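Visitor: Provided below for reference: sequence and predicted model.
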Amino acid sequence: MNQAPNWLADLAVAARSMTVPLGHRPPSSGGRPSAVLVLFGEGPSGPDLLFIQRSAGLRRHPGQPAFPGGALEADEIADGAGGWVAAALREAEEEVGVDADGVQVLATLPEMFIPHSDFRVVPVLAWWQVPSAVWPVDPGEVAAVERIAVAELVNPSHRLMLRMPSGRLSPAFHIGSMLIWGFTAGLTSLLLELGGWARPWDSSQVREMPEGAA
């Protein structure tokens, strides 16, 4: 199998002890345990990340780009740290058909919190040793799947700030038809910084959240 490259192993070490932004630090109690799969692969344009776009009819985060993932099941919660990995891989398979046998898990990152939906999220950082075909397995949950190159994510012309309806600002990425914002954009931005890829961009350019995107 194609083992994880050194740059990703280094990122995994750095990300294990990353500082969680103040707005995403978990409360002392409460919240629903969940996990997301932050899956790096090697595509035609170099390293890339797997993103999904949630279906517009969902009750939680409708239409929003995200990493594959979701809430832990009871047996996964009981499994402790191993449950986060199991949940992230299970959800990636259920949502977009990722074959867990082709994924090398490198690290679980510090727990983060999404206040809007009350999820406590553990990002699971992984390498796609043997990429498999991906597609919206259940169109009722996932509208689209994209592998986006790191080179596209760090391109200054694809970066912006969005003003939420609450007035809060969120970093964002606009690549093709996909607008990545909120928790997913914040975590992506952190990883690009830790990986040494980030390039200067004009964060003073603020756009309003598109109607229906929140």
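Guide: In hand now; what should we look at? Residues are numbered from 1 along each chain as shown.

Visitor: now do the buried residues in the strand of greatest length in the chain.
Guide: Longest strand in the chain, counting residues (DSSP state E): strand 32-43. Using 16 or more other C-beta atoms under 10 Å as the test for burial, strand 32-43 gives 33-43. For the C-beta atoms, the positions are set from N, CA and C on the backbone; glycine is no exception.

Visitor: export it to CSV, keeping only CA atoms.
Guide: Extracted C-alpha coordinates of strand 32-43, given in CSV (Å, rounded to 0.1, in the frame of the first residue of the first chain):
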residue,chain,number,x,y,z
ARG,A,32,-23.4,15.1,21.1
PRO,A,33,-20.2,13.1,20.4
SER,A,34,-19.3,13.0,16.7
ALA,A,35,-16.4,12.6,14.4
VAL,A,36,-15.3,13.7,10.9
LEU,A,37,-12.8,12.1,8.5
VAL,A,38,-10.2,14.6,7.3
LEU,A,39,-9.0,12.5,4.4
PHE,A,40,-5.9,13.5,2.4
GLY,A,41,-5.1,11.8,-0.9
GLU,A,42,-2.8,12.3,-3.9
GLY,A,43,-4.7,13.6,-6.9
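
Visitor: so what's the gap between that strand and the chain middle?
Guide: Centre-to-centre, strand 32-43 and its host chain are 6 Å apart (C-alpha atoms, centre = their mean, to the nearest Å).

Visitor: quick check: mean pLDDT across it?
Guide: Per-residue pLDDT over strand 32-43 has a mean of 96.

Visitor: ok, stretch 202-211 next?
Guide: Across stretch 202-211, the average pLDDT comes to 84.

Visitor: mind listing what's buried along it?
Guide: So stretch 202-211, judged by 16+ other C-beta under 10 Å, has buried residues M209.

Visitor: so how far is it from its chain's centroid?
Guide: Between the centre of stretch 202-211 and the centre of its chain there are 21 Å (C-alpha atoms, centre = their mean).

Visitor: which outside residues touch that stretch?
Guide: Residues outside stretch 202-211 that contact it (C-beta atoms under 8 Å, 6 or more residues apart in numbering) are 156, 159-165, 169, 171, 179, 181.

Visitor: can I get the CA coordinates of the helix or strand of the chain with the lowest mean pLDDT in PDB?
Guide: In the chain, the helix or strand scored least confidently by mean pLDDT, DSSP states H and E is helix 74-78, which has a mean of 86. Coordinates of each C-alpha in helix 74-78 appear next as PDB, following Å, rounded to 0.1, in the frame of the first residue of the first chain:
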ATOM      1  CA  ALA A  74     -23.800   3.800  21.400                       C
ATOM      2  CA  ASP A  75     -21.200   1.100  20.900                       C
ATOM      3  CA  GLU A  76     -18.700   3.600  19.500                       C
ATOM      4  CA  ILE A  77     -19.200   5.900  22.500                       C
ATOM      5  CA  ALA A  78     -18.500   2.900  24.700                       C
END
